[in-house]
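Q: Just a sequence and a predicted model for now, questions to come.
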Amino acid sequence: MKRAAGYIAKRILELIVSLVLLSFVIFSLLYIAPGDPARQLVGTKKATPELLARIRESYGLDDPFFVQYKRWIEGVLHFDFGKSIRTDQTVIEYVAPHASVTLQLVVMALVLSVIFGLMLGIVAAKSRGTKRDNVINTLALVGTSAPSFAVALLFLYVFALKFGWFPIYGIGNGSFGDSLRHLALPSIVLTFGVSALIVKITRSALLTEDSKDYTTFMRARAVLPARITFVQLKNVSAPVLTSTGLVLANLVAGTILVESVFSIPGLGNLLASSVTFHDVPVVQFIALALAFIVCASSALVDILVFLIDPLSGKARSIHKISTAGEKNR
């Protein structure tokens, strides 16, 4: 128990350090960009000397860099990310509707990716060397290799334009049911690429477990194949969980491109337009939010893997399965 608490505390500390470093890099984007930071904050408006002076005074741009960074971090800790240059709304108010759309898309794609990735990975491992295995491996190879925007364009042309099964763009009238209908095809596009990673990892891990002594022992005891697969999945939960964390990072990156293809008003489209219009506070907020999601999910996965620790329970699993085998014979 003490060892687990120590590891969790260490992992949380690493998460905090990572977020601090990333926040420094994200805040520095305003100053890394060529030109006057005040002109960057003006955006597409006409940069008169009076307006530039007001911008510098409003954002404290005449203060030393680390003073500005400290002030920005204090605002972040109080959930104050400034105001959007384009709309003059607070950043959170402006981003919230777009974030809810992206959250729906990511959750749908993540759930589908885990379900289909595990199912196809198990099928491929249990039918090794057959046509079924070859088909699944080929699809997984295409899924990991093809760019998400290319798959999105192909699916959009075939399933939306040709067959008319899905809406072409947008999120509909805003109702929950209509939003799900509009987000179905984009989530399938993301699932196609992301689940391929889980398929390959699950298949590889299960094939490794197939060659181990405890699997041979269970088969010799006439344990049901479904029960053997269940135990194997418990023992490979660490790499599968780790791959799920990587999947979330891929989803964050892929969502930006897919949202652009399907004209979905989510964080991806908002980030692209905010970069175009030099809406620096919005860009900083989205970049920091995405960094937090990726880092936090990685830390959570590491903690879960540590707590599960499949190897420590393997002997107990064999004992239980051998007992069950006696009943099944």
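A: That came in fine, so what should we check first?
Q: Check whether residue 128 sits in a helix, strand or coil.
A: Under DSSP: H, G, I helix; E, B strand; the rest coil, residue 128 falls in the coil class.
Q: Any idea how many residues pack against it?
A: 14 (other CB atoms under 10 Å). To be clear about C-beta, it is placed using only N, CA and C from the backbone, and glycine gets the same treatment.
Q: ok, now the one 5 residues further on?
A: For residue 133, the number of neighbouring residues by other CB under 10 Å comes to 16.
Q: In contact with the most centrally placed residue in the chain, which residues?
A: Nearest to the mean C-alpha position of the chain, by CA atoms, centre = their mean, lies residue 248 at 2.1 Å. Taking CB atoms under 8 Å, 6 or more residues apart in numbering, we find residue 248 in contact with 106, 110, 293, 294, 297.
Q: Give the rounded mean pLDDT of the strand or helix carrying residue 258.
A: Secondary structure assigned from DSSP states H and E places residue 258 in helix 237-261. If you average the pLDDT over helix 237-261, you get 74.
Q: tilt between the next helix-or-strand element following it and helix 237-261?
A: Next along the chain after helix 237-261, taking DSSP H and E as the criterion, comes helix 267-276. Interaxial angle of helix 267-276 relative to helix 237-261 (axes from the mean of the first three to the mean of the last three CA atoms, to 10 degrees): 60 degrees.
Q: and after helix 267-276, which helix or strand comes next?
A: Next along from helix 267-276, by DSSP H and E: helix 280-308.
Q: can you pull the buried residues of that following helix?
A: Burial within helix 280-308, assessed by neighbour count using 16 or more other CB atoms under 10 Å, is assigned to 280-291, 293-299, 301-303, 305.
Q: Would you mark the buried spots in the helix or strand containing residue 180?
A: Using DSSP H and E, residue 180 sits within helix 176-210. Going by neighbour count (16+ other CB under 10 Å), the buried part of helix 176-210 is 179, 182-203, 205-206, 209-210.
Q: list the contacts for residue 269?
A: By CB under 8 Å, 6+ apart, the residues touching residue 269 are 98, 259, 260, 263.
Q: Now flag whichever of those is closest to residue 79.
A: residue 98 (17.0 Å; CB to CB).
Q: Got phi/psi on that closest one?
A: Residue 98 adopts backbone torsions of phi -70, psi -40, taken as degrees, to the nearest 10.
Q: just checking, it touches residue 265?
A: Yes. Look at residue 98 against residue 265 with CB atoms under 8 Å: they come within range, at 5.8 Å.
Q: Settle it for me: which of those two has more neighbours?
A: Shown here are residue 98 and residue 265; by other CB under 10 Å, residue 98 has more neighbours (20 against 15).
Q: Now residue 271: closest residue in space, sequence neighbours ignored.
A: residue 286 (4.9 Å; CB to CB, 6 or more residues apart in numbering).
Q: so what's the one you found scoring on pLDDT?
A: We have a pLDDT of 87 for residue 286.
Q: doesn't residue 273 make contact with it?
A: No. With contacts counted by CB under 8 Å, residue 286 stays clear of residue 273, the gap being 10.9 Å.
Q: So residue 80, which state does it fall into?
A: Secondary structure for residue 80, judged by three-state DSSP, is coil.
Q: swap in residue 166?
A: What three-state DSSP gives for residue 166 is coil.
Q: Now it. Nearest residue, chain neighbours left out?
A: Among residues not flanking residue 166 along the chain, residue 185 sits closest, at 4.0 Å (CB to CB, 6+ apart).
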